[in-house]
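S.K.: my questions are about this predicted structure, shown below with the sequence.
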Amino acid sequence: MIEDTTIPLVDLGAQHAAVADEVARGWQEVLAGTAFIGGPQVTTFERDYAEFTGASHCVAVANGTDAIEIALRALRIAPSDECILPANTFIATAEAVSRAGATPVLVDCADDETYLIDADAVEAAVTPRTRAIIPVHLYGQAAPVERLLPLARRMSIWLVEDAAQAQGARRNGMSAGALGDAAATSFYPGKNLGAYGDAGAALTNSADVAAKMRMIRDHGSARKYEHDVLGVNSRLDTLQAVVLSAKLRRLAGWNVARRAAASRYDELLSGCDAVVRPRTLGGNEHVWHLYTVRVPDRDRVVKELHTAGIGAGIHYPVPIHLTAAFAGLGYAPGAFPVAERTARELLSLPIFPEITAEQQKRVVSTLMSVL
Ligand SMILES: Cc1ncc(COP(=O)(O)O)c(C=O)c1O
């Protein structure tokens, strides 16, 4: 037998092994009860995830992109409004703003080691039309919301966290997802808390906003066939709630394991001058959704790592303003120099709770020899 020596970017099989029995039992209950949409397991998960984040309300939805859009719409973001977000994020952050009818206004990241939104640039980008700031807690660490919140309060602007990559992360002791007026997260399978398909959630401390989120996700309806606002169909499947509850019980432990893996990469890479390691912003408890370094000649490096069986990734190769989808925003190349330069150099190394020291040594030794 040939031994499989590949190391994936994310190993979902190992996670499934940990919850397989619990998920099988839970799914049997759902099959027996047949409440495939809106079953009691969804309510239980919403309660438990709200408690996990410290937010008062969790509204489970079909995916993370919907969660951002629903949060924005619940806050009455509308056409002619502007929402400020970083140029270096997954396209969904900007998509959700556009789908809510508003205009994404992009800003650069503050530096090329944390890759988090530049709070000074946010302040400079505020106009009379700005209605929301959407910091993205990129790669597993929270953006400096304490710099954005006073600005938001002063200007009567909402702060909506994109916490898709930061389940369990903390900023100055407070959980991502409970740091602003509303938040959105994604339970895409590869996330720190991942479903077995698409899933997401919107969070808020406001009962009014939560009620609005619930209506919007369910055809604008709080009571059957009474449609008070224009909504969408974005409900969480009961089967996914079972998976998410089983995994949620293990998430804190998995995040500890990710942190240990990140420290190990820090050590293993400490002598390698060609690799710029990620920096944790002071006050952050990082959950290492991704361990993203910067390397010269990145595209060649990625190719050779793949040839050697190392599942490296690029998050993200094209900043929002340089995508064809958002060309209409009118930003020229060079508009966000830090985001653009880092997009050419970023490289995500395999990281998941079960990654072994041996696997990490192999990743780093392969990377060194490729470099
Ligand atoms: C930062 C960020 N925002 C939003 C999303 C959108 O989530 P989803 O894929 O569940 O729609 C993702 C994940 O894919 C993400 O990483």
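M.R.: Good, I have the coordinates.
S.K.: can we go C-alpha only for contacts and neighbour counts from here?
M.R.: Fine.
S.K.: what sits against the most centrally placed residue in the chain?
M.R.: The residue lying closest to the centre of the chain (C-alpha atoms, centre = their mean) is Ala164, at 2.1 Å. By C-alpha atoms under 8 Å, 6 or more residues apart in numbering, the contact set of Ala164 is 64, 137, 184-187, 191.
S.K.: ok, 10 Å please
M.R.: Taking C-alpha atoms under 10 Å, 6 or more residues apart in numbering as the criterion, Ala164 is in contact with 63-65, 67-68, 90, 93, 136-140, 176-177, 183-188, 191-193, 200-201, 289.
S.K.: tell me which of these fall in helices.
M.R.: Using DSSP state H, the subset of these located in helices is 64-65, 67-68, 93.
S.K.: which positions in stretch 357-371 come out as buried?
M.R.: 359-360, 363-364, 366-367, 371 (16 or more other C-alpha atoms under 10 Å).
S.K.: now do the strands in this protein.
M.R.: Under the criterion DSSP state E, strands of the chain are mapped to 57-61, 82-86, 103-107, 130-133, 158-162, 170-171, 174-175, 182-186, 200-204, 221-223, 226-227, 284-285, 291-294, 346-349.
S.K.: for those strands, which one sits closest to the ligand?
M.R.: The ligand sits nearest to strand 182-186 of all the strands of the chain, at 4.1 Å, using C-alpha to the nearest ligand atom.
S.K.: ramachandran angles for the nearest residue to Gly220 once chain neighbours are set aside?
M.R.: Nearest non-adjacent residue to Gly220, counting by C-alpha to C-alpha, 6 or more residues apart in numbering: Gly231, 3.9 Å away. Dihedral pair for Gly231: phi -120, psi -160, per degrees, to the nearest 10.
S.K.: what about Gly231, neighbour count?
M.R.: As a burial measure, Gly231 scores 19 neighbours (other C-alpha atoms under 10 Å).
S.K.: from the ligand, how far off is it?
M.R.: 17 Å (C-alpha to the nearest ligand atom, to the nearest Å).
S.K.: so that residue touches Asp66, yeah?
M.R.: No: in this structure, Gly231 is not within contact of Asp66 by C-alpha atoms under 10 Å, at 11.2 Å.
S.K.: what do these two both touch?
M.R.: Residues touching both Gly231 and Asp66 (C-alpha under 10 Å, 6+ apart): Arg217.
S.K.: give me the neighbour count for the residue nearest to Ser245 when sequence neighbours are not counted.
M.R.: Once flanking residues are discounted, Ser245 sits nearest to Phe45: 5.6 Å by C-alpha to C-alpha, 6+ apart. Here the number of neighbours of Phe45 (other C-alpha under 10 Å) works out to 23.
S.K.: list the contacts for Phe45?
M.R.: 51, 58-60, 238, 240-246, 248.
S.K.: off-centre distance for stretch 50-64?
M.R.: Relative to the chain's own centre, stretch 50-64 is displaced by 13 Å; criterion: C-alpha atoms, centre = their mean, to the nearest Å.
S.K.: among the strands of the chain, which comes closest to His306?
M.R.: Closest to His306 of those is strand 346-349 (C-alpha to C-alpha; 11.2 Å).
S.K.: could you pull out the buried residues of that closest one?
M.R.: For strand 346-349, a neighbour-count test (16+ other C-alpha under 10 Å) marks 346-349 as buried.
S.K.: now do the residue nearest to Phe352 when sequence neighbours are not counted against the ligand, distance only.
M.R.: Distances taken as C-alpha to C-alpha, 6+ apart put Val10 closest to Phe352, at 5.6 Å, once the chain neighbours are dropped. Look at Val10 and the ligand: by C-alpha to the nearest ligand atom, they are 14 Å apart.
S.K.: I figured Val10 was touching Gly194, is that so?
M.R.: No: using C-alpha under 10 Å, Val10 is not in contact with Gly194; the gap is 11.3 Å.
S.K.: and the closest residue to Asp218 other than its chain neighbours, how many neighbours does it have?
M.R.: Excluding the flanking residues, the one nearest Asp218 by C-alpha to C-alpha, 6+ apart is Asn233, at 5.3 Å. With neighbours defined by other C-alpha under 10 Å, the count for Asn233 comes to 14.
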